[in-house]
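J.: here is the input, now give the coordinates:
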Amino acid sequence: MSIATFDTIRRLSSQRARQAPRDGDEHLVHLLMAHWALHTGRPLPAKSSSAMTEDELLDFWADPVLAGPAST
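T.: You can find the predicted model right below:
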């Protein structure tokens, strides 16, 4: 792992420390979102997933590379 990856993990951990999960499901969502953020290079949302709207969740999870080429 590179130093940048460790710095990213440390930054993501400190951002989420204030919003510690309260149960197993919430913890799983936090882990999956942090993994997706590291995988895609996207920043974590400023608010918790339970406070996000449907459109905000879709924007975070949507991956244009997996969607394929745009229709013309």
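J.: from here on, contacts and neighbour counts on C-alpha atoms
T.: OK.
J.: quick one: L57 and D63, what's the gap?
T.: Distance of L57 to D63, computed by C-alpha to C-alpha, to the nearest Å: 12 Å.
J.: now the helices for this protein?
T.: Chain-ordered helices for the chain, with DSSP state H as the definition, fall at 3-17, 24-40, 54-61, 64-67.
J.: could you give the mean pLDDT of the shortest one?
T.: Over the span of helix 64-67, the pLDDT mean works out to 66.
J.: what stretches of the protein score poorly on pLDDT?
T.: Scanning the chain for pLDDT under 70 picks out the ranges 1-22, 64-72.
J.: ok, A34 touching L44?
T.: Yes: under the criterion of C-alpha atoms under 8 Å, A34 lies in contact with L44, with a separation of 6.9 Å.
J.: re earlier: the more surrounded of L57 and D63?
T.: Here L57 and D63 are compared on neighbour count by other C-alpha atoms under 10 Å; more neighbours surround L57, at 14 against 11.
J.: list the contacts for that one?
T.: For L57, the set of contacting residues under the criterion of C-alpha atoms under 8 Å, 6 or more residues apart in numbering consists of S49.
J.: equivalent analysis for F60, please.
T.: The neighbourhood of F60, defined by C-alpha under 8 Å, 6+ apart, consists of R42, P45.
J.: against H30, how distant is it?
T.: From F60 over to H30 the distance is 13 Å, taken as C-alpha to C-alpha.
J.: D23 too?
T.: Remark: distance between D23 and H30 (C-alpha to C-alpha) = 11 Å.
J.: tell me which of the two has more neighbours.
T.: H30 (19 against 8).
J.: so what's the residue count around L28?
T.: Counted by other C-alpha under 10 Å, the residues lying close to L28 total 12.
J.: now G41
T.: Burial measure for G41: 10 neighbouring residues, criterion other C-alpha under 10 Å.
J.: now do L44
T.: Taking other C-alpha under 10 Å as the neighbour definition, L44 ends up with a count of 19.
J.: then H27?
T.: Here the count is done by other C-alpha under 10 Å, and H27 has 13 residues near it.
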